[in-house]
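Colleague: Give me coordinates for this.
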Amino acid sequence: MKILKPLFDQNRQWAEQIKNEKPQFFEELATQQAPEYLWIGCSDSRVPSNQIIGLMPGEVFVHRNIANMVVHSDINCLSVIQYAVEVLKVKHIMVVGHYGCGGVRASMDAESERIGLIDHWLDHLRVIYKSHSTELNQLDDDEKFNRLCELNVIEQVANVVDSTIIQHAWKRGQNVSVHGWIYSIENGLLNDLDVTVDKHTAVSGE
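Modeller: Residues are numbered from 1 along each chain as shown. As a prediction, this is how the structure comes out:
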């Protein structure tokens, strides 16, 4: 316990700071959560959702996994999306990748050591890599790595949009948009990949 004591100390300092700035914050937070946003991001410790977009607890619903993927067999991720859309009624779903993603890097290395369960997860990324090989093979290594990070986000946006959860939400007339963003750890900035889809663009694109 002594090893982890600094974390408890920091927690108490954080809570005290919040209460000093907004005395009723925790009492109000305890009554409900009503976020407008769902963040689907990478588990990388350098990509903290709330801090990056400057939102407080209760303002963004979060799901994170290795390489920010939305896989249709992943009940965990789909359950989060369903709860966010059908219960919390979020208005925006942001799939957020980041440059320098270790999962993306591992998927590019055909000779990397197989390390178990995570390899099955990374197979989804390898499919993306192969399907865009013509474009990617024209780039140098760094450009290829960055571009695959972007392409992964774009593919995951499509997976969110194709889910029955989103399709049914749009049929009900629910206003929810899906966005694809990428984050640069080097400068702390987000960039929009301009692949936003909502119920109007989805219909016009059919």
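Colleague: which stretches of this structure form strands?
Modeller: 37-42, 60-65, 92-98, 177-184, 189-192 (DSSP state E).
Colleague: Mean neighbour count for these - can I get that in JSON lines?
Modeller: (Glycine included, C-beta is placed from N, CA and C.) Listed next are the strands of the chain as JSON lines, based on neighbours: other C-beta atoms under 10 Å:
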{"stretch": "strand 37-42", "mean neighbour count": "24"}
{"stretch": "strand 60-65", "mean neighbour count": "19"}
{"stretch": "strand 92-98", "mean neighbour count": "24"}
{"stretch": "strand 177-184", "mean neighbour count": "22"}
{"stretch": "strand 189-192", "mean neighbour count": "12"}
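Colleague: Make CSV from those strands and add distance to residue 128 and mean pLDDT to it.
Modeller: Converted to CSV, the strands of the chain look like this (distance: least, C-beta to C-beta, whole Å; pLDDT from 0 to 100):
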stretch, distance to residue 128, mean pLDDT
strand 37-42, 15, 99
strand 60-65, 15, 98
strand 92-98, 11, 99
strand 177-184, 13, 99
strand 189-192, 19, 98
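Colleague: closest one to residue 8 among these?
Modeller: Closest approach to residue 8 among the strands of the chain is made by strand 60-65 (22.5 Å; C-beta to C-beta).
Colleague: just checking, what packs against that closest one?
Modeller: Judged by 3 or more C-beta pairs under 8 Å, 6 or more residues apart in numbering; DSSP states H and E, strand 60-65 is in contact with strand 37-42, helix 49-53, helix 75-82.
Colleague: avg pLDDT for the last one?
Modeller: Spelled out, it's helix 75-82. For helix 75-82, mean pLDDT rounds to 99.
Colleague: same thing with the second one?
Modeller: Helix 49-53 shows a mean pLDDT of 97.
Colleague: which intervals of the chain have sub-threshold pLDDT?
Modeller: 1, 110-115, 203-206 (pLDDT under 70).
Colleague: what's the single longest helix found in it packed up against?
Modeller: Looking across the chain with DSSP state H, the single longest helix is helix 141-162. Packing contacts for helix 141-162, counted by 3+ C-beta pairs under 8 Å, 6+ apart, involve strand 92-98, helix 102-108, helix 117-131, helix 133-136, strand 177-184.
Colleague: Redo those as a markdown table? Include distance to residue 24.
Modeller: Shown next, in a markdown table, are the helices and strands packed on helix 141-162 (distance: least, C-beta to C-beta, whole Å):
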| stretch | distance to residue 24 |
| --- | --- |
| strand 92-98 | 26 |
| helix 102-108 | 40 |
| helix 117-131 | 42 |
| helix 133-136 | 52 |
| strand 177-184 | 31 |
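Colleague: out of those, which comes closest to residue 55?
Modeller: Closest approach to residue 55 among the helices and strands packed on helix 141-162 (C-beta to C-beta): strand 92-98, 11.5 Å.
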